[in-house]
Every structure is written in structure tokens, then in C-alpha cells.
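Undergrad: Attaching a predicted model along with its sequence, questions to come.
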Amino acid sequence: MTQQEFTERTGFKSNAIFEIANDVYMAAGEMDKDAFCMDYKEHGGSILLKHFYEKVQALEQQKQEIKDFKLDMAKWLLKQADETEDSALREKAVELVGEQKVITLKIELGYELWKEDTDYIYINLQ
């Protein structure tokens, strides 16, 4: 939802209010804009809504930290796999970030592509 749409539906013109409301709207998932704005107009100052917003923000932060950790761990596993030619380490990296990301990382990091990698590329290019 754009700020103009939000303002038209609620009458709120503040950038700060829109940013919070838009974060809540995005976290709500598939929700009708009109229904959201009508409810936000009535309950936007709610202590509960503020609390849930803060919880969503904290969870999003944790989610990003986990994603970053998994990426770092996958890179480490791929480095070890490249040095030792241990396919079990590659498979653990695949479990963490997926096969497509593993192949992308191997290319970015300059590691040799293995048969499993080229097979995946070949199958997915057809």
C-alpha cells in the first residue's frame, strides 16, 4: 500500500505513522487495504497493536540473523568441502540454503563445480 492510499483511507498524513502502519499491514499478510485502514484508523493507537508490532519487528530481526548465520555456515561448509572433497559437507550446505544457492556460492567463491552441481544446472536449464 502506498502512503497516498493510506492517507486517503485514514486521514493520517504522518510519515512515521505510515511506516509503522505499513509494516503492520505487510506483516498481516493477505488483508484487504480498506479493511486494514478502517481498523487501523480505529485502533492504531492501541497498546496491544504497538506490542504486537514490536514483537513482529523482533522476530523479523531474528529471522534475518538466522538467515545470515545459515549463509555464513554454508560458506564455511563449502570451503571445507572444497578443501577436503567431502560431498557430505556440500550436502549439509544444501540443507541449509538450498542447491541453487550452493551452486551460486561456489561460483562466487571460485570453487570448482562438482558433478552434482553440473547435473543440477543441466536439469534446471532444460
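TA: Sure thing, it's come through.
Undergrad: longest helix of this protein?
TA: In the chain, assigned by DSSP state H, the helix with the most residues is helix 47-84.
Undergrad: between the next helix-or-strand element following it and helix 47-84, how big is the angle?
TA: Later in the chain than helix 47-84, the nearest helix or strand by DSSP states H and E is helix 87-97. On the basis of axes from the mean of the first three to the mean of the last three C-alpha atoms, to 10 degrees, helix 87-97 is oriented at 160 degrees to helix 47-84.
Undergrad: So which elements touch helix 87-97?
TA: Applying 3 or more C-beta pairs under 8 Å, 6 or more residues apart in numbering; DSSP states H and E, one finds that helix 87-97 makes contact with helix 47-84, helix 99-109. All C-beta atoms are positioned from the backbone trio N, CA, C, and that covers glycine.
Undergrad: Could you dump those into a markdown table and include mean neighbour count and mean pLDDT?
TA: A markdown table is the format used below for these (neighbours: other C-beta atoms under 10 Å; pLDDT from 0 to 100):
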| stretch | mean neighbour count | mean pLDDT |
| --- | --- | --- |
| helix 47-84 | 13 | 94 |
| helix 99-109 | 16 | 97 |
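Undergrad: Next, name the residue at the spatial heart of the chain.
TA: Nearest residue to the geometric centre of the chain (C-alpha atoms, centre = their mean): residue 64, 6.7 Å.
Undergrad: Roughly how far does that residue sit from residue 57?
TA: 11 Å (C-beta to C-beta, to the nearest Å).
Undergrad: now residue 88
TA: Counting by C-beta to C-beta - residue 88 and residue 57 are separated by 38 Å.
Undergrad: and what of residue 48?
TA: Between residue 48 and residue 57 the computed distance is 15 Å (C-beta to C-beta).
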